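Q: No letters, just coordinates:
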């Protein structure tokens, strides 16, 4: 099924600049959609990698603090809360 859509003249001109001689508007739009999806997946992967790296850093800092806190404490000392 073929449909017609209305575009602002500026949008049509931008699509004209993006397409090659024999490329259709549909092909231009499909390529833009593929590019947008690829960018979204790449951004998601970078976010996941960044979170993993931050988690590793936080874990290292936590472990350093735990070792520091345990260095000088008397294990027999009682704490009143």
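A: Received, thanks. All values derive from a computational prediction rather than experimental measurement.

Q: Please list the outside residues in contact with stretch 21-40.
A: 15, 18, 19 (Cβ atoms under 8 Å, 6 or more residues apart in numbering). Bear in mind the C-beta positions are built from the backbone N, C-alpha and C, glycine included.

Q: How many residues are close by the second one?
A: Think residue 18. 14 (other Cβ atoms under 10 Å).

Q: With the last one instead?
A: The tally of other residues near residue 19 (other Cβ under 10 Å) stands at 15.

Q: Give me the nearest residue to it, chain neighbours excluded.
A: residue 28 (4.6 Å; Cβ to Cβ, 6 or more residues apart in numbering).

Q: any idea which element that neighbour lies in?
A: Per DSSP states H and E: residue 28 is located in helix 25-71.

Q: got JSON lines for the contacts of stretch 21-40, with secondary structure and distance to residue 37 too?
A: Shown next, in JSON lines, are these (DSSP: H, G, I helix; E, B strand; the rest coil; distance: Cβ to Cβ, whole Å):
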{"residue": "15", "secondary structure": "helix", "distance to residue 37": "18"}
{"residue": "18", "secondary structure": "helix", "distance to residue 37": "17"}
{"residue": "19", "secondary structure": "coil", "distance to residue 37": "19"}
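
Q: Can I get those in JSON lines including distance to residue 4 and pLDDT?
A: As requested, these are exported to JSON lines (distance: Cβ to Cβ, whole Å; pLDDT from 0 to 100):
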{"residue": "15", "distance to residue 4": "15", "pLDDT": "94"}
{"residue": "18", "distance to residue 4": "20", "pLDDT": "93"}
{"residue": "19", "distance to residue 4": "18", "pLDDT": "90"}
